[in-house]
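Chemist: Predicted model and sequence below, questions to follow.
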Number of protein chains: 2
Amino acid sequence: MIRSSETDILRQPSQVAILRYLRVRGPAARIDIGAATGLSPASVTALTADLIAQGLVREIQSSPIPNGAGTVANAARGRPKILLDLVPSAVAMIGVKLTINHIEIVLGNFKGEIDVSRQHVTNTLDLDSDALVETLCHLIDRFLADHKDQLSVRPSGIGIAVQGIADANSGNIMWSPALRHRHIPITAPLMQRYGCIVEMSNDANCIATAITQNDQWHGAGDFAVIMLGYGVGMGMVLNGSVYNGPFGAAAEFGHTKYQPDGPICNCGRRGCLEAYIGDYALLRDAAGLIDLPPAANSLHPSEEQMMELVHLARNGREDIADLFRHAGKVLGYGIANLIALIGPERILITGSGARAYDLMEPDMRRGLREALVAELRDGPEILHLPWDQDLALLGAIGQSLLRYDERMFSVSTA
Amino acid sequence: MIRSSETDILRQPSQVAILRYLRVRGPAARIDIGAATGLSPASVTALTADLIAQGLVREIQSSPIPNGAGTVANAARGRPKILLDLVPSAVAMIGVKLTINHIEIVLGNFKGEIDVSRQHVTNTLDLDSDALVETLCHLIDRFLADHKDQLSVRPSGIGIAVQGIADANSGNIMWSPALRHRHIPITAPLMQRYGCIVEMSNDANCIATAITQNDQWHGAGDFAVIMLGYGVGMGMVLNGSVYNGPFGAAAEFGHTKYQPDGPICNCGRRGCLEAYIGDYALLRDAAGLIDLPPAANSLHPSEEQMMELVHLARNGREDIADLFRHAGKVLGYGIANLIALIGPERILITGSGARAYDLMEPDMRRGLREALVAELRDGPEILHLPWDQDLALLGAIGQSLLRYDERMFSVSTA
């Protein structure tokens, strides 16, 4: 079977395919670029010469492979190889993440790595449309001024990750738990202000983008990534690209239902998965059982509060452990619906809320078995993806880099 | 916005694009073919000449447009126009539909229309793998022998629609309510026997295919079609083609959950939508309230029984009407999950089970409002598609014609 991400690469203009391959795989020899893209050796030589001339790609020497290294072929041993790599400083991208009362700004490079990060605690909830745009511009301007020295080039774009329902097509935030106001245009005013690429998606779609851009995260083929945290998000990659749906706001996994007339959800409806699995739901239920340390921010459970719950669950408080187990069961039922409707090859579970994945997993798998017709059970593999890097911000940078590559080599972006 | 079905057409080899356009739109002038496919007038002339020479396409004269017809441009009035049309007899396709204790065989033409149909009532449930293939071959052979006169060419393919979970990639029936046995290979033995194209999908995916092949059924863009009947099926078209998922068995909408620990479903699990909405579920619940006419087939509700329920519901039996209303509510909750996860442009509801759509619709829309976050409610339109033709068999023929077009003009089918 041809993996969809590979067929997707083949459809790109050749330069874009080469840039994407190098971003996903890291430094690679020309022969491997040819094998992956289907380009002839002569084309690879010509196109990479062009990319080197444009300052986007450079030659590096692989470190000589130490003598006696186990699996290395004799021919390669000890001889440095010429590899091609993206030039990190060729392009600069600004990444922005908007969550409840928290805005993070980062500087990303052409390889999609984050070089600098700056966090701001600020009252996001009361910002209206104009005030939000003003706040973002102010923080971006300050960030650019403070990091002049690291910026060898003017930023080529801004990538934004938003908690909530963001319409990637129109560039509007339709609804976010971070904002009381709704339907806020973001990308249009920022494009007007900065005259560069501006891309916005919800945070889970950004995570899906990040996963497609780095091989280590199992991003080949169709997959769904479920992000547990304050709420429950999901991003899906179908046929090699992030699926946004015709209205730019699909993959609202957290607002599919576990139980009609279930507990109230932050979205205002009842019985959503999130109302059982989200940090706020666990904390709400725990508050009926124990006294918790107070949160600095009354609207958002603190990591300290959540870790206290995990600690209690692991140390004999069966009633608290049951909250995580039940959340696991509800997650299993939700995944069963996802498999019945979409059947992705792989389901990845990540996010800060997966801090107690081990407590949730057995009941998640039991729920899945209970809910899913036997014939569908052998399909997708379900993997836990550790949350040691902020994939949402990497994806925010990544979506702007994808658009940058396309613009550079004039792919139609209809 | 470019409609995905149109971008899809552009990606096809030109001859395939022309054949598909004519199948979807019916007879068309060369200038309209050019406009729809993006081909130059010279290319359209050359390619259609080729298709005419191969006997696949023919010229016909449009009936002269009557004088004074409202919106017609002066230049066209009264002058017959040369249109191109597919030659119906150029290709023959066999369609097969397998449902509980019922096998239907039809003859389809190159335009995708059904010319002849033959129905067989037979005990499908006890057929094992070999017996099912033998039965199908026997019925197909008899059908071919009986309809020699209508067959000007040898059939180029067989298209099969199966109730249940059919893996379109492997060509195996994984599970069907029509069969006690599971994991039955179908397409491989039939291909070996007949040496022609054999395509199999579940019946709802066939319906989705049929809808993409005829403009009158609102098939442009991404859509989902929900088929109500004995069970509840769904087909989805994403980015212009039927979505099968990596395991060939996605879109099992009927087996997503309404309620954990709900009533038992035919699939063996509890609380599936189908266990509330399927004909068998309505009949099961009605049997506790009234005496029903006996069914000829104890395993399958008869149309007579179902119409009796509808009659009672419409004539003062509020308890029976409540069954339909509740099924409507459950359907609304299921559609809310579908919109949250996929957000298609359009959701079509069809099938014999939509016979009482008017009784179900108000509660379906109420359930949808209850379940769906406000921001997603304005998205997809929900339409009832009358069930006056067997779309499953039209789609079974249609999927084989799609494959035939590709084979003729050697598109890679990886």
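Modeler: Noted; the coordinates are in hand.

Chemist: ok, A:Ala321 - contacts?
Modeler: The contact partners of A:Ala321, by CB atoms under 8 Å, 6 or more residues apart in numbering or on different chains, come to A:313-314, A:359. (Glycine included, C-beta is placed from N, CA and C.)

Chemist: Same list (those) but as a markdown table, adding pLDDT, secondary structure and distance to chain B.
Modeler: Converted to a markdown table, these look like this (pLDDT from 0 to 100; DSSP: H, G, I helix; E, B strand; the rest coil; distance: CB to the nearest CB, whole Å):
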| residue | pLDDT | secondary structure | distance to chain B |
| --- | --- | --- | --- |
| A:Ala313 | 96 | helix | 22 |
| A:Arg314 | 96 | helix | 27 |
| A:Leu359 | 96 | helix | 20 |
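
Chemist: Tell me the buried residues within the residues you listed.
Modeler: With burial judged by 16 or more other CB atoms under 10 Å in any protein chain shown, the buried subset of the contacts of A:Ala321 is A:313, A:359.

Chemist: Please tabulate the contacts of A:Ala321 in JSON lines and include distance to B:Thr212 as additional columns.
Modeler: Below are those laid out as JSON lines (distance: CB to CB, whole Å):
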{"residue": "A:Ala313", "distance to B:Thr212": "50"}
{"residue": "A:Arg314", "distance to B:Thr212": "53"}
{"residue": "A:Leu359", "distance to B:Thr212": "46"}
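
Chemist: wait, which of the contacts of A:Ala321 is closest to A:Lys97?
Modeler: Of all the contacts of A:Ala321, A:Leu359 has the smallest distance to A:Lys97: 27.2 Å, by CB to CB.

Chemist: That closest one: what's it in contact with?
Modeler: By CB under 8 Å, 6+ apart, the neighbours of A:Leu359 are A:310, A:313-314, A:321, A:324-325, A:328.

Chemist: what angle separates the top helix by length along chain A from helix B:318-341?
Modeler: In chain A, taking DSSP state H as the definition, the longest helix is helix A:318-341. Put simply, helix A:318-341 runs at 90 degrees to helix B:318-341, going by axes from the mean of the first three to the mean of the last three CA atoms, to 10 degrees.

Chemist: Excluding residues flanking it in the chain, which one is nearest the residue at minimal distance from the centre of chain A?
Modeler: In chain A, the residue lying closest to the centroid (CA atoms, centre = their mean) is A:Ile207, at 0.9 Å. Nearest in space to A:Ile207, with sequence neighbours left out and distances taken as CB to CB, 6 or more residues apart in numbering or on different chains, is A:Leu391 at 4.3 Å.

Chemist: how far out from the middle of the chain is stretch A:146-157?
Modeler: Distance, stretch centre to chain centre, for stretch A:146-157: 23 Å (CA atoms, centre = their mean, to the nearest Å).

Chemist: same deal with stretch A:372-387?
Modeler: Worked out by CA atoms, centre = their mean, stretch A:372-387 lies 20 Å from the chain centre.

Chemist: what is the rounded mean pLDDT of that stretch?
Modeler: Mean per-residue pLDDT for stretch A:372-387: 82.

Chemist: Not counting its own residues, what contacts it?
Modeler: Identification of contacts with stretch A:372-387 by CB under 8 Å, 6+ apart yields A:211, A:217-218, A:225, A:335-336, A:339-340, A:343-352, A:354-355, A:357, A:361, A:364-365, A:368-369, B:165, B:174-175, B:182, B:246-247, B:249, B:252, B:255, B:267-269.

Chemist: if we can go back for a sec, buried residues of the longest helix of chain A, list them for me.
Modeler: A:320-321, A:323-341.

Chemist: May I see the buried residues of stretch A:136-156?
Modeler: So stretch A:136-156, judged by 16+ other CB under 10 Å, has buried residues A:136, A:139-140, A:143-144, A:147, A:151, A:155-156.

Chemist: okay, how far is it across it, tip to tip?
Modeler: End-to-end distance for stretch A:136-156, by CA to CA, to the nearest Å: 17 Å.

Chemist: my guess is A:Pro80 meets A:Ile60, correct?
Modeler: No. Using CB atoms under 8 Å, A:Pro80 is not in contact with A:Ile60; the gap is 9.6 Å.

Chemist: OK, contacts around A:Arg270?
Modeler: A:260-264, B:370.

Chemist: any chance of those residues in a markdown table, with neighbour count too?
Modeler: Listed next are the contacts of A:Arg270 as a markdown table, based on neighbours: other CB atoms under 10 Å in any protein chain shown:
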| residue | neighbour count |
| --- | --- |
| A:Pro260 | 16 |
| A:Asp261 | 9 |
| A:Gly262 | 18 |
| A:Pro263 | 15 |
| A:Ile264 | 13 |
| B:Glu370 | 18 |
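
Chemist: Among those, which pair sits farthest apart?
Modeler: Farthest pair in the contacts of A:Arg270, by CB to CB: A:Pro263 and B:Glu370, 14.4 Å.

Chemist: Alongside chain B, which residues does the stretch 201-350 of chain A contribute?
Modeler: A:221-222, A:234, A:238-239, A:243, A:245-247, A:249-253, A:255-260, A:267-271, A:333, A:336-338, A:340-345 (CB under 8 Å from any CB of the partner chain).

Chemist: Show me the shaky parts of the stretch 251-400 of chain A.
Modeler: For the stretch 251-400 of chain A, residues meeting the criterion pLDDT under 70 lie at A:295-299, A:375-377.

Chemist: can you tell me which helix or strand A:Ala166 belongs to?
Modeler: If you go by DSSP states H and E, A:Ala166 is part of strand A:165-167.
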